[in-house]
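>>> Fold the following and give me the result.
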Amino acid sequence: MRFIIILLFFILQFNVTQAQRFNNFSIELGGGAHFPFNPKDSKNKANLSNFNSLKQFQVSGRYMFNEKIGLKGQYGYFYFQDKENHLNKSTMHKITLEAVYNLGEALNFNLQERFTLLMHGGAGISLLEPKDRDVYEKIGNLQLGVTPLVKISDQVAFYLDVTPVLNLMQHYSYGGDLLDPDYKAQTGFFLTANAGFVFYLGNRNHHADWY
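Model (predicted):
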């Protein structure tokens, strides 16, 4: 714990001069679709594309240490429901912490003043609530995604994002049924695709994304 505090102190000290040149903080708000691929329901082997996957909301806070590297914390809400059988459903709350790398800055895109590309990856935990149950299953997850950004103004940008999510040791299907009667876990996988807006915070004229 002491090491983490000391490390954070040196990071903040190192970025004092950076913060004087550009804004570091931003908030992202968006929503979209998610597409479950695995695991399939042990009782129903139907294609998981039958699930209604349009109920999704995500909010993130991001801090850029410099023009290329940053950290992002994210909360996501996901609702899964079978289009053919509305009783097959579940909800998921996901919290992740990710490293962020500005590929647009690193590769010096020609359109970098208006367009850039962020790569992000990290780990987190999900709380999956199966149908008709009062408990949440805790699931560790890993994810890696890409986020194209289009600058609208010095305060706002539009983003698209595609992120594959790997669920570790999942016991319930997205339809809410227990996957194995002996409670053996499986690996889950779903893809998220969403769009939204980035709001830049601070008193400087530019954010690190566009400096």
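>>> And the pLDDT at the residue sitting nearest the centre point of the chain?
Central residue of the chain (Cα atoms, centre = their mean): residue 74, 5.7 Å from the mean position. According to the prediction, residue 74 has pLDDT 97.
>>> Apart from its neighbours in sequence, what residue is nearest it?
In this structure, residue 74 finds its nearest non-sequential neighbour in residue 60, 4.1 Å apart by Cβ to Cβ, 6 or more residues apart in numbering. C-beta coordinates here come from the backbone N, C-alpha and C atoms, glycine included.
>>> List the buried residues for the helix or strand that contains the residue nearest to the centre of the chain?
Using DSSP states H and E, residue 74 sits within strand 69-82. Neighbour counts over strand 69-82 (16 or more other Cβ atoms under 10 Å) mark 70-72, 74, 76, 78-82 as buried.
>>> Strand partners (parallel or antiparallel) of that strand?
strand 51-64 (antiparallel), strand 89-102 (antiparallel) (DSSP bridges).
>>> now it: how far from the chain's centre is it?
With Cα atoms, centre = their mean, to the nearest Å as the basis, strand 69-82 stands 4 Å off its chain's centre.
>>> cool, stretch 78-85 as well?
Chain-centre distance of stretch 78-85: 21 Å, with Cα atoms, centre = their mean.
>>> Also stretch 197-206?
Between the centre of stretch 197-206 and the centre of its chain there are 20 Å (Cα atoms, centre = their mean).
>>> Now do it: everything it contacts.
With contact meaning Cβ atoms under 8 Å, 6 or more residues apart in numbering, stretch 197-206 is reached by 21-30, 62, 149, 152, 154-159, 207, 209.
>>> Filter the residues you listed down to the ones in strands?
Cross-referencing those against strands under DSSP state E gives 25-30, 62, 149, 156-159.
>>> Kind regards, and thank you for your time.
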